[in-house]
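1. predicted coordinates and the sequence they were generated for:
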Amino acid sequence: MSRSHKGPKPEEIETARRDPRLRRALHVGHTDPEWRMRGRCLSVDPETFFPEPQSNQTPHAALALCSGCAVRSACLASALEAGDRNGVWGGTTPRERQAMFVAWRDAVPVA
Ligand code: SF4
């Protein structure tokens, strides 16, 4: 019998804490309020970034665009701040962000 586990596992959270994408997002935060206007995805079909929720396929095209995007850290910071669980943001998949949400909450001081 297997137990279902809804949240990220402790080892996944620990990995997320060390993820350079998360660390850069923590560093950059919201220093650029205009980041959305500079995203590489501005002229791309939004569906590229929002694959079907049941799809197990990695959204390679979206991740490739993010990898060369100048504002990916601000984008990821915004998604983590907002708790956005859908779509690709800042070069991360929704699944990757599950553990990042916990690491983010632990690292960002409560206002
Ligand atoms: S990191 Fe990705 S989702 Fe975010 S603005 Fe850039 S291309 Fe768009």
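-> Done, it's in.

2. residue contacts, V102?
-> V102 makes contact with 7-8, 13, 16 under the criterion Cβ atoms under 8 Å, 6 or more residues apart in numbering. Every C-beta, even on glycine, is put in place using the N, C-alpha and C of the backbone.

3. again with A77
-> Contacts of A77 (Cβ under 8 Å, 6+ apart): 25-26, 28-30, 90.

4. ok, the residues you listed vs C69, which is closest?
-> Nearest to C69 among these, counting by Cβ to Cβ, is G90 at 8.2 Å.

5. of the contacts of V102, buried ones?
-> Neighbour-count burial (16 or more other Cβ atoms under 10 Å) is assigned, among those, to 8, 13, 16.

6. state whether the second one is indeed within a helix.
-> This means I13. Yes: counting by DSSP: H, G, I helix; E, B strand; the rest coil, I13 is found in a helix.

7. and R105, how close does it get to the ligand?
-> 21 Å (Cβ to the nearest ligand atom, to the nearest Å).

8. which among the contacts of A77 gets closest to L65?
-> For these, the nearest to L65 is G90 (11.3 Å; Cβ to Cβ).

9. now for the residue lying closest to that closest one once chain neighbours are set aside, how many residues are close by?
-> Closest residue in space to G90, ignoring its immediate chain neighbours: L76 at 2.5 Å, by Cβ to Cβ, 6 or more residues apart in numbering. Here the number of neighbours of L76 (other Cβ atoms under 10 Å) works out to 27.

10. doesn't L42 lie inside a strand?
-> No: L42 sits outside any strand when classified using three-state DSSP, being helix.

11. quick one: it from C75, how far?
-> L42 is 12 Å from C75, where distance means Cβ to Cβ, to the nearest Å.

12. the more surrounded of the two?
-> Remark: of L42 and C75, C75 carries more neighbours, 26 against 8, as counted by other Cβ under 10 Å.

13. surely that one meets G87?
-> No: look at C75 against G87 with Cβ atoms under 8 Å: they stay out of range, at 10.9 Å.
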